[in-house]
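A.B. asks: I would like the atomic coordinates for the input below:
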Amino acid sequence: MLTTQLDATLGRRSADSRLRVAGRILLVGDDTALLTRLEQLLREAGLGPLAMTRGTGRALALFRDLNPDVVLLDVDTVDPIPLIRQMNARVADTEFLPIVVLAAAATPEQKQALFAEGVCDFVDRTTGLPDLPPRLLNVLRIRDLTGALEQRVTARTAMFRATDLELVSRLAVVAELGDYGDASHVQRVGRTSALLAAQLGLDPDEVQLIRHAAPLHDIGKIAVPDAILLKNDALSLEEWDVLKTHTTAGARLLADSISPVLQVAEGVALYHHESWDGTGYAGVVGEDIPLAARIACVADVFDALTHDRPYKSAWSPDDSVDWMVTMRGQRFDPRVLDALVDIARVTDLTDLGNDTSTLLGPRINFAARAAGKTLASWQTDRAGEN
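C.D. replies: Now for the predicted structure:
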């Protein structure tokens, strides 16, 4: 499809050039007679609009105001290299500024130096002026095609990225349909994880990676038998061992991806059940646990506590945070948990995703299931204290 579109663009080059025949041209020189002759020549050829300036003093101001499609420099009367550098500094990296040089007798060394600065064509100011209009049309065609290709590449890159993120999102939903019945849990975990990452001062690109990677934390559940996932009674030790394999299964599923999101998600899937003090599934400790996994762990547990499950009622956000604070430095990274406390004071983290549909019935959310007895006993103890 992309090849076909590009071929079509290339095949329309003549039509495109006719559309741009009035490309904006900036003439810079110090020979009044030559500038007057060039203006007449280009207007007769239908080229323009034109802007002219003698010397380089006003050239940059005109360059900014005109935003030319091509610049024509008479290098026999002005020093071109400083001006060329200043003009190119004002052009975006993704844009192409054609610069055509007029010279009576440029040496090979002078031409090489100017080509190195971005000049795309030379015209002999004494004998080559009749060739100037078609040569300007050619560089305008190059500019048109360069711009069209850049736009198409940008649009296609954006489409590929959007498709990548959509597939990641749908993959996360696959693992959660039977748990929460829809995408609500993974949506909330993703968005809460992004808020935590931002609160920790991560740069926007890292925040977005974690935003889209965190929902895949439990993707390995698809490898765990339903007889275990759907069980409401206490799991046997053997069943718990099987349950724990969802972390390694998820990491295997996501391994060796070229997608930055899936690369981060692999670590999240593998390590989100690790504890800061090393008492988690694999005994990984502290900073050795990837930050994205530490963030997803806090977001996942908080969301599990604050929503109804088949085996427990929803806790209030305050009770959930209070319990999690008792696990600070044990289950949870202190910095990440502190970020949650700060955010929970001003943001309703329980309402970040749609939780209206139930499609396949309940499964067990591992974060809350694993902590269930501890939570119940803590809540009982707390009630007794009051």
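A.B. asks: which ones are touching residue 224?
C.D. replies: 242, 243, 245, 246, 249 (Cβ atoms under 8 Å, 6 or more residues apart in numbering). For the C-beta atoms, the positions are set from N, CA and C on the backbone; glycine is no exception.
A.B. asks: what about burial for those, which qualify?
C.D. replies: Burial by neighbour count, 16 or more other Cβ atoms under 10 Å: within the contacts of residue 224 this picks out 242, 243, 246, 249.
A.B. asks: filter these down to the ones in helices?
C.D. replies: Judged by DSSP state H, those include 242, 243, 246, 249 as members of helices.
A.B. asks: what sits opposite the closest residue to residue 59 other than its chain neighbours in the beta ladder?
C.D. replies: Spatial nearest neighbour of residue 59, excluding adjacent residues (Cβ to Cβ, 6 or more residues apart in numbering): residue 28 at 4.9 Å. Using DSSP bridges, the beta-bridge partners of residue 28 come out as residue 53, residue 73.
A.B. asks: contact partners for residue 28?
C.D. replies: Going by Cβ under 8 Å, 6+ apart, residue 28 touches 52, 53, 55, 56, 59, 71, 72, 73, 74, 78, 83.
A.B. asks: try it again at 10 Å.
C.D. replies: Residues in contact with residue 28, defined by Cβ atoms under 10 Å, 6 or more residues apart in numbering, are 35, 51-56, 58-60, 62-63, 71-75, 77-78, 80, 83, 87, 99, 102.
A.B. asks: go on, residue 332?
C.D. replies: 275-277, 294, 297-298, 301-302, 324-326, 338, 340.
A.B. asks: let me know the closest of the ones in helices among the buried ones among the contacts of residue 224 to residue 150.
C.D. replies: Set against residue 150, the nearest of these by Cβ to Cβ is residue 249 (42.3 Å).
A.B. asks: okay but the closest one is in contact with residue 266, surely?
C.D. replies: No: Residue 249 lies out of contact with residue 266 (Cβ atoms under 10 Å); the separation is 11.7 Å.
A.B. asks: so what sits against both of those two?
C.D. replies: Common neighbours of residue 249 and residue 266 (Cβ under 10 Å, 6+ apart) are residue 219.
A.B. asks: nearest to residue 143 among the buried ones among the contacts of residue 224?
C.D. replies: Nearest to residue 143 among the buried ones among the contacts of residue 224: residue 249, at 52.7 Å, using Cβ to Cβ.
A.B. asks: return the residues in contact with the closest one.
C.D. replies: 219, 220, 221, 222, 223, 224, 269, 270.
A.B. asks: what about the first one, how many neighbours?
C.D. replies: The criterion is other Cβ atoms under 10 Å. On that basis, residue 219 has 27 neighbouring residues.
A.B. asks: re the thing from before, of all the contacts of residue 332, which two lie farthest apart?
C.D. replies: Greatest spacing in these, by Cβ to Cβ: 277 and 302 (18.8 Å).
A.B. asks: point out where the stretch 201-350 of the chain drops to low pLDDT.
C.D. replies: Filtered on pLDDT under 70, the stretch 201-350 of the chain yields the residue ranges 310-311.
A.B. asks: try 50
C.D. replies: The stretch 201-350 of the chain contains no residues with pLDDT under 50.
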